[in-house]
Each structure stands twice: as structure tokens, then as C-alpha cells.
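Participant: Structure of the sequence below:
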Amino acid sequence: MRMPGPVARAIPMTDNITEAPMFSVIVADYEGSVSRAVFRRKMACLAAQTCKDFEVLVYHDGPKSTTYAQDVAGLDVHPVTRFHITDARANDWGHSNRDRGIRAATGRWIIHTNADNVFYPQLIERLKAAAEGEVRSLVRRQKPVFVRSVLKRFDRVFGTATMGQQYFPATEHEILIYAVLMRGLVPAGRAYRRVRELAETHSLLFGGVPVEHGQIDLMQFVMRRDLWLHYGGWYDRHEESDGRMYMRFAKKHAVTAVPIVLGEHW
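Facilitator: I've put the predicted structure just below:
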């Protein structure tokens with residue numbers, strides 16, 4: 001549903017934007033785990049973006065005790081914002097709603113985020129500059145399966161490396177990855193642990209590249225909508241599906257790193 005007039009103020013559009021936005025920000029929300037104060041923080045950081053070339057699609061997992069009109073009363077809200085409340089709770093970590101968002105989006109690029117994540121004001125601006133800038137990444141090209149089978153045997157017999165991975169310059173942007181602060185993460189030997197009580201004072205930096213499960217957060221991976229649809233939307237419904245899918249996508253498509261911290265995972 002769209003927000004009614006007096007409870008939320010739509011901020012004016014200052015960019016020269018075509019009818020279809022460049023980015024679609026899909027926000028997965030559930031009031032049982034995200035307080036309404038934290039949700040208001042999310043909506044405020046979206047409204048504060050220096051570049052307005054995006055739309056916002058908010059999805060709540062199941063019925064709500066309050067309306068979204070009440071949740072954002074008195075806030076500045078990005079002018080292209082749509083709120084959706086599902087009839088029943090899926091309880092699948094927001095994945096069903098992420099899939100709904102991909103299919104309903106009108107932007108060329110998809111940004112996934114949770115309702116408690118924070119975007120810095122320049123996030124959309126920096127991502128747009130990267131998407132419109134020079135392509136400086138490599139992509140791996142694989143030979144057909146039957147050719148790989150022959151070459152493996154050839155390498156085994158003659159000790160060659162014809163099956164070595166080959167990379168070529170990419171011709172277009174397909175995936176953008178930016179850095180985030182992971183609030184509440186603390187070093188623990190060769191790994192890390194989440195200590196939620198330390199979120200205000202402690203964090204680790206996730207650059208997102210290389211794309212590895214456990215080393216990249218859901219909000220960091222920005223991919224073109226046509227590629228999401230090519231793979232069937234958000235098709236994996238496991239708890240850590242983002243890392244699993246992201247690794248698969250990064251093996252096949254050009255990754256453009258945006259080497260600056262543009263948000264925080266809470």
C-alpha cells in the first residue's frame with residue numbers, strides 16, 4: 001500500500017530521474033525482531049540518500065500489530081516507497097519476501113537489506129557512479145563439459161595445465177560489492193563471533209571480495225535484476241542462502257568492487 005498524506009512527508013526529488021529508477025531497495029521487515037524505532041532509523045537513512053534514483057519496497061513477514069502509516073508517522077520518507085504486508089508469516093528469514101521484491105521491482109539493480117541495516121547517505125550515489133563507470137573486472141570463461149573432460153585427462157597424462165582457470169576482461173557491470181561494518185562482531189582466533197551486547201562499540205570490516213560464504217553480508221551484494229530473474233529469483237530458502245547464492249553468482253559474472261564503507265549491519 002502507499003502511504004497516505006499527513007502521516008509521512010515525501011521528500012522532493014532533486015535528481016533528473018527517468019520513470020524507472022536505477023536501483024530497487026528491497027527491505028525485509030518483521031516487527032517481532034526489529035523494533036519500530038530501529039525501523040524508523042532505516043526509513044530515515046533511505047530518505048537521507050544524496051542520490052534519489054531508487055525505489056523502496058518494504059515487505060513485512062506476516063500480519064502486523066501496527067500499520068506502516070503509524071510506524072513512519074512524522075518521518076521524511078523516500079517518495080517512491082511501497083509497503084507490503086503478507087497475509088501469513090513465512091518465517092523463512094525474509095527470503096520469500098526478497099523473492100517477491102525482485103519480481104515486483106522496476107529498477108535495473110537490486111539492493112537487498114534488512115530493516116535494521118543502516119545505509120550511509122552516499123550509498124546510492126556511489127553505487128550509481130560505479131555502475132556507470134569504466135568496467136575494471138575479470139570474468140572466468142569455462143570450456144564446454146566434454147572439452148573439460150578431455151583436457152583433464154590430457155593434463156593428468158602429460159602434466160600440463162590446460163584446465164587452469166582463464167580470466168578475461170569483463171565488458172559490462174553485473175555485480176557491485178561495497179564494504180560494510182559488521183556491528184557486534186569480534187575476532188575469535190581465526191574466525192569471529194557475534195556478541196550483540198557489543199554492537200554499539202565493536203565491529204569488523206567486511207570488504208566482500210573475494211566472495212566467500214561467511215565473509216560477505218546480504219546487504220553488500222548488488223546484482224542486476226535481469227540476472228536475478230535469470231536464476232529464478234531468490235530461489236534458495238536456507239538460513240544462509242545469501243552466501244551460498246552469492247558465491248555461485250560471483251563465479252559466473254563480473255564483480256565490481258566499490259572500496260568504501262557505505263553501510264552497517266546490526
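Participant: CA only for contacts and neighbour counts going forward, please
Facilitator: Will do.
Participant: which intervals of the stretch 101-250 of the chain have sub-threshold pLDDT?
Facilitator: Applying pLDDT under 70 to the stretch 101-250 of the chain flags residues 141-152, 154-155, 158-165.
Participant: Would you state the helices of it in chain order?
Facilitator: 123-132, 145-158, 225-230, 241-252 (DSSP state H, counting those that start in this stretch).
Participant: The ones you listed: which one's closest to residue 181?
Facilitator: helix 123-132 (13.4 Å; C-alpha to C-alpha).
Participant: in the closest one, what's buried?
Facilitator: 123-124, 126-128, 130-131 (16 or more other C-alpha atoms under 10 Å).
Participant: if we can go back for a sec, looking at the helices of the stretch 101-250 of the chain, which is closest to residue 186?
Facilitator: Using C-alpha to C-alpha, the helices of the stretch 101-250 of the chain put helix 241-252 closest to residue 186, at 19.8 Å.
Participant: Give me the contact list for the closest one.
Facilitator: The contact list for helix 241-252, computed with C-alpha atoms under 8 Å, 6 or more residues apart in numbering, reads 139-141, 175, 211-214, 216-218, 221, 236.
Participant: Repeat the analysis, applying 6 Å as the threshold.
Facilitator: 211, 213, 218 (C-alpha atoms under 6 Å, 6 or more residues apart in numbering).
Participant: quick revisit: next, format the buried residues of helix 123-132 as TSV and append distance to residue 96.
Facilitator: Listed next are those as TSV, based on distance: C-alpha to C-alpha, whole Å:
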residue	distance to residue 96
123	25
124	25
126	28
127	25
128	27
130	29
131	27
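Participant: Pull the most distant pair out of these.
Facilitator: 123 and 131 (12.3 Å).
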